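Colleague: what would the 3D arrangement of this be:
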Amino acid sequence: MTEPLFREDAYLASAPGRVRRITPEGGIVLDRTIFYPKGGGQPGDSGRLEWNGGVCTIAGTVKGPADDPDAIVLVPDGEGVLPPDGAEVETRLDWDRRHRHMRMHTALHLLSVVVPLPVTGGQIGSEKSRLDFDMPEVIHDRNFIQARLGQLVDGDHPIGVEWIGEAELDADPGLVKTLSVRPPRGAGRIRMIRIGTGEAAVDLQPCGGTHVRATAEIGRVTVGKIENKGKANRRIAITLDD
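Modeller: Presented below is the predicted three-dimensional model:
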């Protein structure tokens, strides 16, 4: 198992770790990591490892294989040397890229509030992100979505993590907005992302990804046109203005 440090603190940009093993494909498994593995529409992190006598560039991060599902595998760029098994390393994120993913991910949660329909798919990118909705007919035009999304961002709503039991989720299935991705089960509890507090609560939904601390940190978001992607499927893309 790899301890996912990013799950408790998404703002860790560097941290020490130890090499557990090198996979047959040349991936690096650490005992703990700040690197988020690709999943839930969010790309895997990139960055580098440093150890006594070496440096390795990490091109991406993925979840472990079926025989080690709790592992997180760092994927080197294919050049240079790999750290030896058992080596103590310092991990360093490509922080600018990760932070944009965090801003985008939180913005997509807000988009799912503005457009309160089932989500059929989504993708987070550092330059452009999108959600697909089960939307037979357009319920809001682009200008409305742009204005309402901007209001939620400017509201500077705090964002926090909560945990609920699987039975609680079963009792309130409406918490799950995504039709294509279901929350991981089997551990007895589900990680939830809450935006806002008390009477100012904005959203609560299962999510394993990384997010900013408050909505104002997202910055200005531009909403693209509403695209028809099938009989009842419509896509809305967003970009960050910086």
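Colleague: every contact and neighbour count from this point should use C-alpha atoms.
Modeller: OK.
Colleague: so Met102, which state does it fall into?
Modeller: Three-state call for Met102 (DSSP: H, G, I helix; E, B strand; the rest coil): helix.
Colleague: doesn't His211 make contact with it?
Modeller: Yes. Under the criterion of C-alpha atoms under 8 Å, Met102 makes contact with His211 at 4.5 Å.
Colleague: which of these two has more residues huddled nearby?
Modeller: Using other C-alpha atoms under 10 Å as the criterion, Met102 and His211 rank with His211 on top: 29 against 25.
Colleague: quick check: the closest residue to Arg234 other than its chain neighbours vs Glu90, distance?
Modeller: If the residues on either side of it in the chain are set aside, Arg234 comes closest to Asn228, at 4.7 Å by C-alpha to C-alpha, 6 or more residues apart in numbering. To Glu90, Asn228 is 46 Å away according to C-alpha to C-alpha, to the nearest Å.
Colleague: what's the next secondary structure element after the least confident helix or strand in the chain by mean pLDDT?
Modeller: In the chain, no helix or strand scores lower on mean pLDDT, DSSP states H and E than helix 166-171, which sits at a mean of 84. Once the chain leaves helix 166-171, the next helix or strand it forms, by DSSP states H and E, is strand 189-195.
Colleague: list the contacts of the residue nearest to the spatial centre of the chain.
Modeller: The structure's the chain has its C-alpha centroid closest to Gly209; by C-alpha atoms, centre = their mean the separation is 3.2 Å. The contact partners of Gly209, taken as C-alpha atoms under 8 Å, 6 or more residues apart in numbering, are Arg7, Tyr36, Gly40, Gln42, His105.
Colleague: at 10 Å what do you get?
Modeller: The contact partners of Gly209, taken as C-alpha atoms under 10 Å, 6 or more residues apart in numbering, are 6-7, 10, 36-43, 101-102, 105-106, 191-193.
Colleague: distance of it from Val202?
Modeller: With C-alpha to C-alpha as the criterion, Gly209 and Val202 are 18 Å apart.
Colleague: doesn't Gly208 belong to a helix?
Modeller: No. Per three-state DSSP, Gly208 lies outside any helix segment and is coil.
Colleague: report pLDDT for it.
Modeller: Per-residue pLDDT puts Gly208 at 91.
Colleague: ok, the nearest residue to it once chain neighbours are set aside - how many residues close by?
Modeller: Nearest-residue entry for Gly208: Arg191, 6.4 Å, with adjacent residues in sequence omitted and distances by C-alpha to C-alpha, 6+ apart. Look at Arg191: counted by other C-alpha under 10 Å, it has 19 neighbours.
Colleague: please apply the same query to Glu79.
Modeller: 9.
Colleague: same check, this time on the one 4 residues further on
Modeller: Residues within reach of Pro83, counting by other C-alpha under 10 Å, total 22.
Colleague: that one is in what secondary structure piece?
Modeller: Under the criterion DSSP H and E, no helix or strand holds Pro83.
Colleague: does it touch Val89 like I think?
Modeller: Yes. Look at Pro83 against Val89 with C-alpha atoms under 10 Å: they come within range, at 8.0 Å.
Colleague: mutual contacts of these two, please.
Modeller: Shared contacts of Pro83 and Val89, defined by C-alpha under 10 Å, 6+ apart, comprise Arg18, Val19, Leu49, Glu50, Trp51, Asn52, Gly54, Val55.
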